[in-house]
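Asks: sequence and predicted structure are below.
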Amino acid sequence: MYRNLSRLRVSPALHAGKRFKTEHTKTSFFDRVLGPNTVEASPSFTNRWLMVLPAFGTHMCIGSPWAWSAVSGSLTKEFGFVVPAAADWSLSQCTIPLSIVFALQGISAALAGKWQMRVGPRCAMVVAGLCFGGGLMVGSLGIALHSLPLLYFGYGFLAGCGVGIAYTPPLQCLIQWFPDRKGLASGLTIAGFGSGGMFFAPTMSYLMKRFAVMPEHLGTADQVTTVVQDGRLFADVGGALKEVVIANGHDLAALPYTLPEGVYVVGSGSTGSVAALGVCGFGYFVIMMASAFAIRRPSPSYLPQGYTSPAGSDGLPQRNVTVDAVMKTPQFYLLASTFFCVATGGMGLFSVAKPMMSEVFSGSLPTLVTASFGTGYLLMLTGANLSGRLGWAAFSDRFGRRTSFQIFTLGSIPLYLLVPYCVSSVVSNPSAVPLSIFMVSTVTAITCMGGTYAILPAYESDLFGAKYVGAIHGRMLLASTAAALVGPNILLALRNASERTAINELLTQVDPERFQATFNAPISTSQALIETKTLSISKLMEIAPPGVVDPTPFLYNTTMYTMAGFMAIACLSHHLVKPVDPKHFEKEA
């Protein structure tokens with residue numbers, strides 16, 4: 001009987017039922033909520049300007065790392081509060097999260113390009129929100145536990161993946177809404193990326209002040225007896241030896257608080273960075289989720305009023321280079337080299353903007369260059385990043401992308417070369433004029449970097465076609481990855497080398513007896529004191545002979561000359577960019 005079942009025919013109705021069941025299974029909850037077709041606007045929806053909001057909002061969140069220097073300086077004093085303690089992280093260690101974020105931005109954007117095309121913008125943006133918002137909260141936990149690996153994993157790895165995954169989907173959506181003004185669409189989206197620091201820096205400053213706990217002050221340096229053990233300073237507090245740090249007027253001028261000079265107990269205060277970063281992470285998560293569900297791409301039949309597509313109804317040019325074929329074109333590598341060099345200079349500046357302003361100018365202009373002034377300078381740079389993305393995008397639509405890039409590369413060379421001159425001028429003759437020239441030069445250089453990021457997708461669209469620009473730009477961001485690793489690290493390596501040289505030169509001019517009286521240790525132990533952050537340039541200048549020039553303002557001179565060299569390479573690379581050979585274009589069906 002069971003053998004005869006094989007002879008039974010299955011009715012067409014059962015076939016239909018099977019088809020119905022299969023189709024029903026394909027329309028899963030995931031597809032209905034996050035699938036690629038959920039973001040397609042109806043033919044009746046034509047308000048393309050409304051789509052700027054979720055695109056801008058997403059980029060505003062993932063652009064917050066530009067202002068990381070508002071946090072990095074505080075992290076170097078998480079235990080010492082007024083000055084770095086022995087257990088505190090170095091500035092180089094605290095700058096690494098910025099490098100990791102932008103390194104992972106390019107890597108994740110390149111690897112996720114084809115996946116984003118398959119799953120659609122909404123799913124990609126939801127995943128990005130989870131990574132970025134969650135990454136900031138994990139990073140705050142790393143600060144609380146004083147774990148560098150956890151900080152790097154949270155704020156660096158997870159947040160960097162979130163930046164890379166969220167970068168191109170809103171950008172490509174907006175370019176499809178503005179086929180007639182691709183430079184403006186690119187600029188409006190990436191302007192959010194540039195403005196992220198303008199919101200992050202003041203928000204973090206406000207939250208850190210709100211959550212900060214002032215450290216315990218024991219008295220002035222001549223009132224408190226200290227001893228040195230293994231290079232660390234200790235004082236008797238309630239019958240027990242506790243590690244302490246000594247802060248002078250120069251050290252306290254860099255803080256946004258009014259505190260007396262003297263001896264402070266290590267670990268008795270808190271900068272408030274833990275809670276502040278956690279709150280920001282949750283806020284960014286909410287904004288990115290809302291943007292993911294608000295974003296739409298235009299209906300296939302959509303065309304702006306008065307615009308005729310060069311290829312007909314799909315709105316895309318006929319001449320397109322595929323994602324794989326673009327890697328065989330010299331234009332891709334020349335443009336990536338140009339992008340790398342310009343981004344290297346800008347990222348180097350951003351990584352140390354606030355502490356650099358304090359180190360270079362606070363000694364010569366202490367009443368003007370305060371902690372709040374440094375925050376204001378950082379906001380100026382982020383504002384320049386934003387205005388450069390908007391202004392240069394509009395400029396490129398009128399005068400062309402090639403002309404814009406020529407201005408970026410050639411014009412940035414003298415801007416970086418001006419910085420050492422301004423520093424020398426303000427040291428020899430303390431005045432706000434050289435400081436103003438310094439600020440104008442660096443702000444202008446950042447507008448060029450912002451403009452590069454803004455119009456690069458449109459430039460890629462001009463060269464390779466708009467059809468695959470999202471995935472192509474994801475691979476182009478690998479140049480940004482390299483710049484994120486090279487820029488801050490070169491700047492800090494050159495700065496640290498200059499600092500070591502300056503300290504060694506000062507040690508040759510300091511009286512050994514006075515050194516012994518100040519640090520309760522012989523000058524032969526200076527290396528141990530440097531490693532535990534007890535000995536610094538500012539401390540040596542207090543006991544240096546009259547007439548010795550403070551070398552602190554000149555610590556960044558070699559970095560500026562190096563950045564000018566990068567701009568010269570960028571100028572040469574861009575000059576070699578020519579139109580793409582027709583053999584690389586996708587064959588028409």
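Replies: Received it, and whenever you're ready, just let me know what you need. Residues are numbered from 1 along each chain as shown.

Asks: quick one: the helices in the stretch 451-589 of the chain?
Replies: 469-507, 512-519, 526-531, 537-543, 557-575 (DSSP state H, counting those that start in this stretch).

Asks: make TSV from those and add distance to residue 463, mean neighbour count and mean pLDDT to it.
Replies: All C-beta atoms are positioned from the backbone trio N, CA, C, and that covers glycine. Shown next, in TSV, are these (distance: least, CB to CB, whole Å; neighbours: other CB atoms under 10 Å; pLDDT from 0 to 100):
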stretch	distance to residue 463	mean neighbour count	mean pLDDT
helix 469-507	9	21	85
helix 512-519	61	15	87
helix 526-531	51	16	86
helix 537-543	49	18	87
helix 557-575	12	20	92
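
Asks: list the buried residues of stretch 360-378.
Replies: 360-365, 369-371, 373-378 (16 or more other CB atoms under 10 Å).

Asks: ok, now stretch 433-453?
Replies: Here stretch 433-453 shows 434-435, 437-439, 441-453 as buried, counting by 16+ other CB under 10 Å.

Asks: also stretch 123-130?
Replies: So, applying 16+ other CB under 10 Å, buried residues of stretch 123-130: 123, 124, 125, 126, 127, 128, 129, 130.

Asks: re the thing from before, mind putting the helices of the stretch 451-589 of the chain in CSV, distance to residue 282 included?
Replies: Converted to CSV, the helices of the stretch 451-589 of the chain look like this (distance: least, CB to CB, whole Å):
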stretch, distance to residue 282
helix 469-507, 25
helix 512-519, 45
helix 526-531, 38
helix 537-543, 38
helix 557-575, 36
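
Asks: among the ones you listed, which is nearest residue 90?
Replies: helix 469-507 (8.6 Å; CB to CB).

Asks: helices or strands up against that closest one?
Replies: helix 91-119, helix 159-177, helix 330-351, helix 432-464, helix 537-543, helix 557-575 (3 or more CB pairs under 8 Å, 6 or more residues apart in numbering; DSSP states H and E).

Asks: got TSV for those helices, with distance to residue 222 too?
Replies: Listed next are the helices and strands packed on helix 469-507 as TSV, based on distance: least, CB to CB, whole Å:
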stretch	distance to residue 222
helix 91-119	30
helix 159-177	46
helix 330-351	38
helix 432-464	34
helix 537-543	13
helix 557-575	36
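
Asks: closest one to residue 243 among those helices?
Replies: helix 537-543 (16.5 Å).

Asks: export that closest one to CSV, keeping only CA atoms.
Replies: Output in CSV follows, covering the C-alpha atoms of helix 537-543 (Å, rounded to 0.1, in the frame of the first residue of the first chain):
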residue,chain,number,x,y,z
ILE,A,537,59.2,70.3,30.9
SER,A,538,57.0,72.7,33.0
LYS,A,539,58.6,71.3,36.2
LEU,A,540,62.1,71.7,34.8
MET,A,541,61.4,75.3,33.7
GLU,A,542,60.7,76.2,37.3
ILE,A,543,64.3,75.4,38.3
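
Asks: list the contacts of it.
Replies: Contacts with helix 537-543, where a contact means CB atoms under 8 Å, 6 or more residues apart in numbering, come from 246, 248, 250-251, 499, 502-503, 506-507, 510-511, 514-515, 518-519, 548, 550-552.

Asks: check stretch 363-378 too.
Replies: By CB under 8 Å, 6+ apart, stretch 363-378 touches 67, 69-70, 197, 201-202, 205, 250, 253-256, 353-355, 357-358, 361-362, 426-427, 430, 432, 435, 439, 550, 552-553.

Asks: what's the span of it, first residue to last?
Replies: 19 Å (CA to CA, to the nearest Å).

Asks: quick one: average confidence on it?
Replies: On average, the pLDDT along stretch 363-378 is 82.

Asks: list the helices and strands the lengthiest strand in the chain packs on?
Replies: In the chain, taking DSSP state E as the definition, the longest strand is strand 240-247. Judged by 3+ CB pairs under 8 Å, 6+ apart, strand 240-247 is in contact with strand 226-229, strand 232-237, strand 262-265.

Asks: now the chain, which segments are flagged as low pLDDT?
Replies: Counting by pLDDT under 70, the chain contains low-confidence residues at 1-27, 29-30, 308-318, 588-589.

Asks: rewinding a little: now, which of the buried residues of stretch 360-378 sits nearest residue 330?
Replies: For the buried residues of stretch 360-378, the nearest to residue 330 is residue 378 (37.9 Å; CB to CB).

Asks: separation between the closest one and residue 119?
Replies: Residue 378 sits 36 Å away from residue 119, taking CB to CB, to the nearest Å as the criterion.

Asks: residue 200 too?
Replies: Residue 200 is 29 Å from residue 119, by CB to CB.

Asks: neighbour count: those two, which is higher?
Replies: residue 200 (25 against 19; other CB atoms under 10 Å).

Asks: so the closest residue to the more buried one other than its chain neighbours versus residue 331, what's the distance?
Replies: Excluding its sequence neighbours, the residue lying closest to residue 200 (CB to CB, 6 or more residues apart in numbering) is residue 64, at 3.7 Å. Distance, residue 64 to residue 331, using CB to CB: 32 Å.

Asks: over to residue 460?
Replies: 9 Å.

Asks: fine by me, thanks again.
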